[in-house]
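Chemist: Give me the fold of what follows.
(chains A and B)
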Amino acid sequence: MTEPTGFNHLLKRLGYDTSGGFGEEKKIIILLSLAAVLFITASVAVVLGTYNITVTEVYQTIFTHLTFGDIGGIPRLHNTIVWDIRVPRIILATSVGGALAIAGATFQGVFRNPLVEPYILGVSSGAAFGAALGIVFPAIFFSIQIFAFAFGALAVTFAYILARSRGETPIVTLILAGVIIGSIFSAFVSLLKYLSDDTALREIAFWLMGGFYYATWDDIILLVPVVFFSFIVLWALGWKLNVLSMGDDEARALGVNPEKYKFVVITLATAITAFAVSLVGIIAWVGLMMPHASRMLLGPDNRFVIPASLMMGGCYLIVCDTLARTLTTAEIPVGILTSILGAPYLCYLLRSKGRVIFG
Amino acid sequence: MHFQYGSFPVLSGVSFSVGRGELCGLFGPNGSGKTTLFKCCLRFLHAERGSVVVHGEEISRCSIEHLARLVAYVPQEHKPPFPYLVREVVLMGRTPHLGGFFGIRRHDREITMDALATLGISDLADRPYNQLSGGQRQMVLMARAIAQDTPILFLDEPTSALDFQNQMRIWEIMRDVAEEGKTILACSHDPNHVAWFCDRVVVLGNGTVVAEGHPEDVISEVVLEEIYQDVCSVRMLDGVQMVMPRCVTERNGKQESNHPLHDTRFAGTCGDVDAKT
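Modeler: A predicted model of the protein is given here:
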């Protein structure tokens, strides 16, 4: 028996229980280990790079910044590479990966379908259209990011309105509406590609593949609080999400208003997806795969799946991004790597655990 | 109460009430509107006209959260896409009583395990729910309704997929729950179950109440004739009322033929029934 320590008490307050035969202590240990793995991955990734800086120098730079020390003692170049390039990139990769993964877990729960990804309602096509507008007509659409976000959110809003009838939004209608809206925006993107000149076309193609090349502290200051807030809310709604995933009528009978929670949860998941996409472009697979991996480790209870997805998504994108920037001298767009690494994993999942995971 | 799907009327003028602590059976042929009635009572569907009053409260004015503390529901059949463990599914029954951040207290877990024990399915607790057989899932849903701990339970064919032993167990549990002062409205297709276990029976047919009252009065040949047309005979066996298919009583009647009643009272044979339908 474990003694009631302060930590145990905290867990109990959070609704977890370390005893009582529900096997949650094991899951909590897994969650903590995942957090440790994420931290270690980030610490290793920050040392790796095309430009060789020794481990001590890297950590000295970071430590000096964290303690608000005098940065004059550090070589300018090291400071720029470590603090202005690598650290923001890693934080951005973590939060984008985490955002896409929790959005994926949420959408899979709400749509009662484990094969759903966060782009299902047309966020990605909308955002791609916004970004393409920004690239092709920079004079009118002054910021790629703002318009990518705006159109991403707009696409989902359209899908939601289209699917809503008589105060209800049935899942099937919503998914179909998402597909319709998505294909309309994809057509618009193709139109813009057709109209644009070579440089713009190249830029659009590059944006669509996704990448963390332009990570800056400004992006992080915007993204991290939003992702963190949404994560806390979605985590807290984890149990309600479990009930929602049983179906609308079930949820009603169990006292969870499906329309209300669907709206809240879809709004939050869309917001973080659109935000992430607007900053780094379209990165595939993370939002589909990481929730699955979490479920394999921890079972389908969303109280565990959501935090685990956050950490695994973050980890996965750090690894992919580190590979993207170190494998060759030129950078590989990270979207390509996530797909190449992701597809075999999902194949394995399908072949080995298909029946358990896909029901 | 009135309800229609599009322009197709399902319920037209259904009205009855169930007293506190009563186990009321809802009985009627396929498509007579039993499930629709349940769905209206649970606000999954909105009644065209009329109202449902639960525990002194008009349900259209109740919030979903509040209603779930008054009424538990056992659906006919459903299968979630994720492999939730049985105890997690039963724990979901506690959702209306939870509060706070995640809000699951040890108390809720104990109720969950007790509910599983009541149904004798504690051994299923760690199995994934969506890999169970239909009957096992029905037992789990029943456990969930017990764990929800509401004064009223609506059960939509709670015994349809169960083996004989479990059917009896579920009815016994329903009786026990009713003895505790809770109100149960359960629908079933077996006239015998309804007659043996219920305090009162409401018979639905074509969207209206055909008969209601004490089971011995209601489960009569006259009523069964009206809803099923010539398929049932009612017999007494060891002082217990039994509804039997007429073709069986006919067959036995021909073999024994020492029962003069058979020949006179049940002229319609199975062959006649087939010809009519």
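Chemist: going forward, measure contacts and count neighbours with C-alpha atoms only.
Modeler: Will do.
Chemist: So which residues on the stretch 101-250 of chain A come close to chain B?
Modeler: By the rule C-alpha under 8 Å from any C-alpha of the partner chain, the part of the stretch 101-250 of chain A lying against chain B is A:112-114, A:236-240, A:243, A:245-247, A:249.
Chemist: Let's see if you can find the most crowded of those.
Modeler: Counting neighbours by other C-alpha atoms under 10 Å in any protein chain shown, the top entry in these is A:V243, with 29 neighbours.
Chemist: phi, psi of it?
Modeler: phi -70, psi -40 (degrees, to the nearest 10).
Chemist: Which secondary structure state is assigned to the residue nearest to it when sequence neighbours are not counted?
Modeler: Excluding the flanking residues, the one nearest A:V243 by C-alpha to C-alpha, 6 or more residues apart in numbering or on different chains is A:A251, at 5.5 Å. Three-state call for A:A251 (DSSP: H, G, I helix; E, B strand; the rest coil): helix.
Chemist: per-residue pLDDT, A:A251?
Modeler: pLDDT recorded at A:A251 is 88.
Chemist: got the contact list for residue 216?
Modeler: Answering for chain A, as no chain was given. A:T216 sits next to A:D84, A:I85, A:P88, A:R89 when contact means C-alpha atoms under 8 Å, 6 or more residues apart in numbering or on different chains.
Chemist: not quite, I wanted chain B
Modeler: B:A195, B:Q241.
Chemist: how far away is it from A:N79?
Modeler: Distance of B:E216 to A:N79, computed by C-alpha to C-alpha, to the nearest Å: 90 Å.
Chemist: Domain parsing of chain B, as residue ranges.
Modeler: Under the assignment automatic domain parsing, the domains of chain B span B:2-11+B:19-213, B:229-277.
Chemist: And chain A, is the first one touching that?
Modeler: Meaning domain B:2-11+B:19-213. Yes. Against chain A, domain B:2-11+B:19-213 shows contacts by C-alpha under 8 Å from any C-alpha at B:42, B:44, B:64-69, B:71-73, B:79-84, B:88, B:92-96, B:101-106, B:109, B:130-131.
Chemist: before we move on, the earlier item: would JSON lines of the domains of chain B with mean pLDDT and mean neighbour count be doable?
Modeler: Output for the domains of chain B, formatted as JSON lines (pLDDT from 0 to 100; neighbours: other C-alpha atoms under 10 Å in any protein chain shown):
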{"stretch": "domain B:2-11+B:19-213", "mean pLDDT": "81", "mean neighbour count": "19"}
{"stretch": "domain B:229-277", "mean pLDDT": "60", "mean neighbour count": "14"}
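Chemist: just checking, B:S12 touches B:V210?
Modeler: No. The criterion here is C-alpha atoms under 8 Å, and B:S12 misses it with B:V210 at 11.8 Å.
Chemist: Which one (most neighbours) among the contacts of A:T216?
Modeler: A:R89 (26 neighbours).
Chemist: Against chain B, how distant is it?
Modeler: Distance of A:R89 to chain B, given as C-alpha to the nearest C-alpha, to the nearest Å: 32 Å.
Chemist: residues touching that residue, list them.
Modeler: Contacts of A:R89 were listed using C-alpha under 8 Å, 6+ apart, and they are A:F212, A:Y213, A:A215, A:T216.
Chemist: Filter those down to the buried ones.
Modeler: Neighbour counting with 16 or more other C-alpha atoms under 10 Å in any protein chain shown marks A:F212, A:A215, A:T216 as buried within the contacts of A:R89.
Chemist: you'd agree B:L155 is in a strand?
Modeler: Yes. Counting by three-state DSSP, B:L155 is part of a strand.
Chemist: any idea how far B:K34 is from it?
Modeler: B:L155 sits 11 Å away from B:K34 when distances are taken as C-alpha to C-alpha.
Chemist: overlap in contacts of those two?
Modeler: Shared contacts of B:L155 and B:K34, defined by C-alpha under 8 Å, 6+ apart, comprise B:C187.
Chemist: what's the spacing between stretch A:127-143 and its chain's center?
Modeler: 23 Å (C-alpha atoms, centre = their mean, to the nearest Å).
Chemist: Send me it as CSV with only the CA atoms.
Modeler: Extracted in CSV, the C-alpha atoms of stretch A:127-143 (Å, rounded to 0.1, in the frame of the first residue of the first chain):
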residue,chain,number,x,y,z
ALA,A,127,-5.8,27.2,-44.2
ALA,A,128,-4.0,26.2,-47.4
PHE,A,129,-6.3,28.5,-49.3
GLY,A,130,-5.6,31.4,-46.9
ALA,A,131,-1.9,30.8,-47.1
ALA,A,132,-2.0,30.6,-50.9
LEU,A,133,-3.9,33.9,-51.0
GLY,A,134,-1.3,35.4,-48.8
ILE,A,135,1.5,34.1,-51.1
VAL,A,136,-0.1,35.0,-54.4
PHE,A,137,-1.6,38.4,-53.5
PRO,A,138,0.7,39.7,-50.8
ALA,A,139,-0.5,43.2,-51.3
ILE,A,140,-4.1,42.5,-50.2
PHE,A,141,-3.6,39.5,-48.0
PHE,A,142,-0.8,40.9,-46.0
SER,A,143,-0.1,38.0,-43.6
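Chemist: what secondary structure does the residue of the stretch 201-350 of chain A found nearest chain B sit in?
Modeler: In the stretch 201-350 of chain A, the residue that lies nearest chain B is A:G255 (4.1 Å; C-alpha to the nearest C-alpha). Counting by three-state DSSP, the backbone at A:G255 sits in coil.
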